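Novice: here you go, sequence then predicted model.
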Amino acid sequence: MAELDPPPAKKAKTKAEKVCVGVGVVVFSGDKKSVLLGKRKGAHGAGTWALPGGWLEKGETFEGCALRELEEETGLASDDVDAEAASTIPFVSNNRGMDGVHSVTVFARVDAKDGTPAAELREPHKCDAWVWHDISSPLPEPLFPPLRSLEESAYWDEARRAPAARARLESPRSPANTKGKFTAAEDSLYLSLLNKWGPPIKKNPNAVAAFRGAFAYRSAPSWRAHVNAFNQSEFKEWQARGRQNDYVGFKWRKLPGGQVSGTR
């Protein structure tokens, strides 16, 4: 039997030949009306507007990478942003043909604790300037491809509408809106989001992102403590049934015809 030829030796791949994973950091201002953008220089995408961010390092979580890159590039750290609430958002960008670099961008959301904290230009060889941009206005052109993909997503559309929705709920802003008790308008919004996305728990990140956007003026413990919040076992039961409009294990259940009962 003839001997098989040995397999060809693998060629070492250059960075341009590999598919790399990057993390884009969506930093919203304290009032959630502005996003932090920088103008790239000295690398692929030079001259385009982009989010803070960089390559994921071995062993890092997406949130850990986001917080590290944010501090390295802008100086914004736990004193300025809500690091504990940092989380990925339900959108990923597959960036092909970007100056010869193929990458996948995972986006992580990090909210400023208050206002628009001053971002330092810590890597002037990579960025011309950091600016806070009003999200009610179109993003500045040209855009870095991952940010372009995010801008065209349903997530960005909801993020842009969220401040107006919050303003309607907060006007006039009552103590009840920040002390745990929900207004009738908030109850209605809560049930609407629940019907569309399911419960805002860790195993359901799309819902977490939607609820965080709608109730951003509240603390996370506040909107998670709504009387109709799921627990883990209720979430499993809800998943097993596979029917969005039939909430089991709740303090209420949506009935045929859209009526809501006050019992389990």
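Specialist: Everything's here; your move.
Novice: any idea how this protein splits into domains?
Specialist: Using automatic domain parsing, the domain parsing of the chain gives 19-152, 169-261.
Novice: including mean neighbour count, could the ones you listed go into TSV?
Specialist: Any C-beta I mention is one placed from the backbone N, CA and C, and that applies to glycine too. Below are the domains of the chain laid out as TSV (neighbours: other CB atoms under 10 Å):
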stretch	mean neighbour count
domain 19-152	18
domain 169-261	15
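Novice: which one of those domains has the lowest average pLDDT?
Specialist: Here the domains of the chain differ in mean pLDDT, and the lowest is domain 169-261 at a mean of 62.
Novice: one step back: reformat the domains of the chain as a markdown table; add distance to Arg161.
Specialist: Output for the domains of the chain, formatted as a markdown table (distance: least, CB to CB, whole Å):
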| stretch | distance to Arg161 |
| --- | --- |
| domain 19-152 | 9 |
| domain 169-261 | 9 |
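Novice: of all the ones you listed, which one is nearest Ala162?
Specialist: Ranking the domains of the chain by distance to Ala162, with CB to CB as the measure, places domain 169-261 first at 4.3 Å.
Novice: ok, back up a step: out of the domains of the chain, flag the one nearest Glu158.
Specialist: Nearest of the domains of the chain to Glu158, taken as CB to CB: domain 169-261 at 5.8 Å.
Novice: show me what contacts the nearest residue to Glu141 once chain neighbours are set aside?
Specialist: Distance criterion CB to CB, 6 or more residues apart in numbering; nearest residue to Glu141, sequence neighbours excluded, is Trp49 at 7.4 Å. Trp49 is in contact with 37-40, 139-144, 147, counting by CB atoms under 8 Å, 6 or more residues apart in numbering.
Novice: good, wrapping up.
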